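>>> Coordinates for the following, if possible.
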Amino acid sequence: MIASYGSLAPKRYMYLEVMKITSSRSNVLGKGGYGVVFKGTLLDGRLVAVKLLHECKGNGSEFVNEVMSIGRTSHVNVVSLFGFCLEGSKRALIYEYMPNNSLDKFIYSEDPKEILGWDKLYAIAIGIARGLEYLHHSCNTRIVHFDIKPQNILLDKDFSPKIADFGLAKLCHTKESKVSMTGARGTIGFIAPEVHSRTVGVVSTKSDVYSYGMMLLEMVGGRRNVKSFVAKSSEKYFPDWIYDHFAQDEGMQACDVTSETAEVARKMTLVGLWCIQVLPIYRPTITRVLEMFERSLDELDMPPKQNFGGLVDISAHNMDVQSASSTSRRSERISPVTSKTLQRPPTL
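Residues are numbered from 1 along each chain as shown. The predicted structure follows:
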């Protein structure tokens, strides 16, 4: 399949070459359900991260999808793919090395604001949005990622963010407004509601915007939005809590916000709440998100409150905990988002 892409395909390595690059898999960077990531060095001295996937049968469509999705990209906020290996059941992806690992290692830590600081978190949030805007609107082929979450945001030596893990991405022709697709995509807690139910709306690049908004709120709160071990729903679902406490000083203080950092934290919260509007038509595009970041806090309106708790129940009911969501047709219809156009919250 990859051969059919011709010159568009990244460099292909033999398995023996991969073993040399990783010094026979001696330095493990991380492990997951997909396989193991090793640190390695190319012949020209560049450090790389080699994702060695578990051996599997079949045509490896998800592997090919990741190779061809990221192989088409070139942006400062999207991780670079240097090459791949596809030899029988052995599959590997060779990426640029990110010394500061992934975003989740910082925002779920004991003192995330102490380690990164609000200014750095804010810069990371904008960088991720720029990377998404590139994927959605600036590639020769539009890419919808479908798995935006802190674990898939890598940080370079300067803590600049790079979007990674394109295994679930969907390629779309830039001139097409609708794309039909099937299959499960996403991670529970970050999947847009339209992925669960066709009645909510069509699936589009705004599904990535929803995931981005959920991630923004996790960056603000320094905790996972969904905590299955918490009994009270108000404590269990952070977006619900932060909406109710946004105007209260103690609400922001609980997120380690000081008077000096309040504007940054409140702006990130407002943008995040707009991004997770239940109906896709009320969410901003990622381009609109970047425009919102450029405005002062006083220029941003509070979005209407959503039935956040109900979404958690729907998600838990409709999805297997180990997999992702079912999908529907996707379109790219854009409507402006301001509270002036929303006289009341949408009826769900």
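>>> from here on, contacts and neighbour counts on C-alpha atoms
Noted.
>>> can you give me the strands in the stretch 1-150 of the chain?
Using DSSP state E, counting those that start in this stretch, the strands of the stretch 1-150 of the chain run over 11-12, 28-32, 35-41, 47-53, 81-87, 90-96, 141-144.
>>> and Leu116, which of those is closest to it?
Proximity to Leu116 (CA to CA) singles out strand 28-32 among the strands of the stretch 1-150 of the chain, at 21.2 Å.
>>> Quick one: the strands of the stretch 1-150 of the chain as JSON lines, columns for distance to Pro304 and mean pLDDT too.
Formatted as JSON lines, the strands of the stretch 1-150 of the chain follow (distance: least, CA to CA, whole Å; pLDDT from 0 to 100):
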{"stretch": "strand 11-12", "distance to Pro304": "48", "mean pLDDT": "91"}
{"stretch": "strand 28-32", "distance to Pro304": "38", "mean pLDDT": "85"}
{"stretch": "strand 35-41", "distance to Pro304": "42", "mean pLDDT": "93"}
{"stretch": "strand 47-53", "distance to Pro304": "42", "mean pLDDT": "93"}
{"stretch": "strand 81-87", "distance to Pro304": "40", "mean pLDDT": "92"}
{"stretch": "strand 90-96", "distance to Pro304": "41", "mean pLDDT": "93"}
{"stretch": "strand 141-144", "distance to Pro304": "26", "mean pLDDT": "84"}
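>>> right, and those strands - which one's nearest Phe246?
Comparing the strands of the stretch 1-150 of the chain by CA to CA, strand 141-144 comes nearest, at 30.8 Å.
>>> immediately after the closest one, which helix or strand?
strand 153-155 (DSSP states H and E).
>>> Other residues contacting that next one?
79, 98-104, 128, 161-164 (CA atoms under 8 Å, 6 or more residues apart in numbering).
>>> As JSON lines, those with pLDDT would be great.
Formatted as JSON lines, the contacts of strand 153-155 follow (pLDDT from 0 to 100):
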{"residue": "Val79", "pLDDT": "94"}
{"residue": "Met98", "pLDDT": "96"}
{"residue": "Pro99", "pLDDT": "95"}
{"residue": "Asn100", "pLDDT": "94"}
{"residue": "Asn101", "pLDDT": "91"}
{"residue": "Ser102", "pLDDT": "93"}
{"residue": "Leu103", "pLDDT": "95"}
{"residue": "Asp104", "pLDDT": "92"}
{"residue": "Ile128", "pLDDT": "98"}
{"residue": "Pro161", "pLDDT": "98"}
{"residue": "Lys162", "pLDDT": "97"}
{"residue": "Ile163", "pLDDT": "96"}
{"residue": "Ala164", "pLDDT": "92"}
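>>> Taking these, tell me the two that lie furthest apart.
Pro99 and Ile128 (17.5 Å).
>>> buried sites along stretch 90-100?
Neighbour-count burial for stretch 90-100 flags 91-100 (criterion: 16 or more other CA atoms under 10 Å).
>>> Let me fix that, I meant to ask about stretch 32-51.
Neighbour-count burial for stretch 32-51, counted by 16+ other CA under 10 Å, picks out 36-41, 47-51.
>>> What is the linear distance spanned by that stretch between its boundary residues?
Using CA to CA, to the nearest Å, one end of stretch 32-51 lies 10 Å from the other.
>>> and it, how far out from the chain's middle?
Distance of stretch 32-51 from its chain centroid, counting by CA atoms, centre = their mean, to the nearest Å, is 21 Å.
>>> who touches that stretch?
Stretch 32-51 has contacts (CA under 8 Å, 6+ apart) with 21-23, 25-31, 52-54, 92-98.
>>> For Ile124, see how far away Pro10 is.
For Pro10 relative to Ile124 (CA to CA), the value is 27 Å.
>>> Can you read off the pLDDT for Met319?
Per-residue pLDDT puts Met319 at 46.
>>> Ends of stretch 25-34, what's the gap?
Span of stretch 25-34 from end to end, CA to CA: 16 Å.
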